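J.: Coordinates only, no sequence provided:
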């Protein structure tokens, strides 16, 4: 409800509080004289409960539709169950391949590989959360434009949201991928074998996903989610039998992660098919393909040049700082000149000029 009303100030304040409370949990774990695992479980549950109560209080206080009122409208029940049911299939497919791949890794490579997979998944989730908050801000406007049949503006929002989210994701991902070995050792001390490779594949999965997030917003705005959820969910589930066959044929441990990246990339075409059915102005060749090509050109440039730079220095904290600043600068330059369209570049330039002039 908060996102639908575009009250992103509420959303930001509560999420900042959420982060502060979770940081406090870490401090209490250090000073607490209690079973660490139980204390962590209790405090995490308490923080989640407090955040949920705060969100509910904000919604009930500010939004009329959030007050409870019992209503029986059978005509609404079927489309709601249809929409949520197909979405549930798609989401459960993602959960199934995550847990299923972990089981297969355990069967072939033992629990050490599970530890590596878990660490990679944690870092992947943190980076994804940082970027999806940006795309979340675009969602209500996309839905609003679709409902009002303002398709040109909606398509512009969809593309610009994907571009900006990709650049923000790349800002965190590039140094993590290049300096994965040093960062993991700095963080963990003792790093399970193959964690670095699994993390790099997981971050590549993130970069592939963010280019399709805003496409999914349009599909969900149309309400026609059956085809996308059925085909995309089935594609995700196909990773399990393909991984099993690949491991039987002595494939490397990273094979399921490569398959996950390929299935997510393929799912983009499924979303485009649904959008084209409801938005005649939409064109995969003219809109999505150029953005994908530019995004991956920038990705190759950033990773290649940053990697070359790291070869000139010994692994250290200083190199981490230098490579991070170098990649961030490259992302800003390449994003501005390659990914962002001219109208957005003009707006960025105008805002920068106004800031400088106002400061003087």
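T.: That came through fine. Computed from a predicted model, the values in this text were never measured in an experiment. Residues are numbered from 1 along each chain as shown.

J.: which regions of the stretch 201-350 of the chain lie under the pLDDT threshold?
T.: In the prediction, the stretch 201-350 of the chain carries no residues with pLDDT under 70.

J.: so the nearest residue to residue 264 once chain neighbours are set aside, which of the three states?
T.: Excluding its sequence neighbours, the residue lying closest to residue 264 (Cβ to Cβ, 6 or more residues apart in numbering) is residue 208, at 4.8 Å. Heads up, the C-betas are built off the backbone N, CA and C, glycines and all. Three-state assignment for residue 208 (DSSP: H, G, I helix; E, B strand; the rest coil): helix.

J.: quick one: pLDDT of the residue most central in space within the chain?
T.: Centroid-nearest residue in the chain, with Cα atoms, centre = their mean: residue 128, separated by 3.5 Å. For residue 128, the model assigns a pLDDT of 84.

J.: quick one: it and residue 213 touch, right?
T.: No. Look at residue 128 against residue 213 with Cβ atoms under 8 Å: they stay out of range, at 9.8 Å.

J.: what packs against the helix or strand containing the residue nearest to the centre of the chain?
T.: Assigned by DSSP states H and E, residue 128 belongs to helix 111-147. If you count contacts as 3 or more Cβ pairs under 8 Å, 6 or more residues apart in numbering; DSSP states H and E, helix 111-147 packs onto helix 8-31, helix 74-109, helix 151-178, helix 195-222.

J.: Tell me the gap between the last one and the middle of its chain.
T.: Just to be clear, that refers to helix 195-222. 6 Å (Cα atoms, centre = their mean, to the nearest Å).

J.: likewise the first one?
T.: Between the centre of helix 8-31 and the centre of its host chain there is 20 Å, according to Cα atoms, centre = their mean.

J.: Buried residues, it. List them.
T.: 10, 11, 14, 18, 21, 25 (16 or more other Cβ atoms under 10 Å).

J.: quick one: residue 302 and residue 326, what's the gap?
T.: To residue 326, residue 302 is 9 Å away according to Cβ to Cβ, to the nearest Å.

J.: the more surrounded of those two?
T.: residue 302 (25 against 18; other Cβ atoms under 10 Å).

J.: ok now whichever strand or helix holds that one, how far from the chain's centre?
T.: Assessed by DSSP H and E, residue 302 sits inside helix 289-311. Distance of helix 289-311 from the chain centroid (Cα atoms, centre = their mean) equals 19 Å.

J.: Same question for stretch 132-145.
T.: 14 Å.

J.: cool, stretch 49-60 as well?
T.: The chain centre lies 24 Å from the centre of stretch 49-60; the measure is Cα atoms, centre = their mean.

J.: Contacts made by that stretch with the rest, please.
T.: 1, 2, 10, 14, 17, 18, 21, 66, 67 (Cβ atoms under 8 Å, 6 or more residues apart in numbering).

J.: Return the closest of the residues you listed with respect to residue 83.
T.: Taking Cβ to Cβ as the measure, residue 83 sits nearest to residue 1 out of the contacts of stretch 49-60, at 17.3 Å.

J.: Number of residues surrounding the closest one?
T.: Other residues near residue 1 number 15, with proximity taken as other Cβ under 10 Å.

J.: next one: residue 202
T.: 25.

J.: Let me see the contact set for it.
T.: 120, 121, 123, 124, 257.

J.: filter these to the buried ones?
T.: Buried among these (16+ other Cβ under 10 Å): 120, 123, 124, 257.

J.: wait, isn't the first one in contact with residue 205?
T.: No. Counting by Cβ under 8 Å, residue 120 sits too far from residue 205 to count as a contact (9.9 Å).

J.: Quick one: the helices in the stretch 251-360 of the chain, in order.
T.: Assigned by DSSP state H, counting those that start in this stretch, the helices in the stretch 251-360 of the chain fall at 255-278, 289-311, 317-334, 342-359.

J.: what packs against the second one?
T.: For helix 289-311, the helices and strands in contact under the criterion 3+ Cβ pairs under 8 Å, 6+ apart are helix 151-178, helix 195-222, helix 317-334.

J.: Make TSV out of those and add distance to residue 283.
T.: Listed next are the helices and strands packed on helix 289-311 as TSV, based on distance: least, Cβ to Cβ, whole Å:
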stretch	distance to residue 283
helix 151-178	9
helix 195-222	13
helix 317-334	25
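
J.: just so I know, which of those lies nearest residue 34?
T.: Of the helices and strands packed on helix 289-311, nearest to residue 34 by Cβ to Cβ is helix 195-222, at 29.8 Å.

J.: and the next element down the chain from that closest one?
T.: helix 226-237.

J.: mind listing what's buried in that following helix?
T.: Quick answer for helix 226-237 (16+ other Cβ under 10 Å): 228, 229, 231, 232, 233, 235, 236, 237.

J.: can you tell me how far the second one sits from residue 268?
T.: So that's residue 229. 15 Å.

J.: Tabulate the buried ones among the contacts of residue 202 (a markdown table), appending distance to residue 307.
T.: A markdown table is the format used below for these (distance: Cβ to Cβ, whole Å):
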| residue | distance to residue 307 |
| --- | --- |
| 120 | 19 |
| 123 | 19 |
| 124 | 20 |
| 257 | 20 |
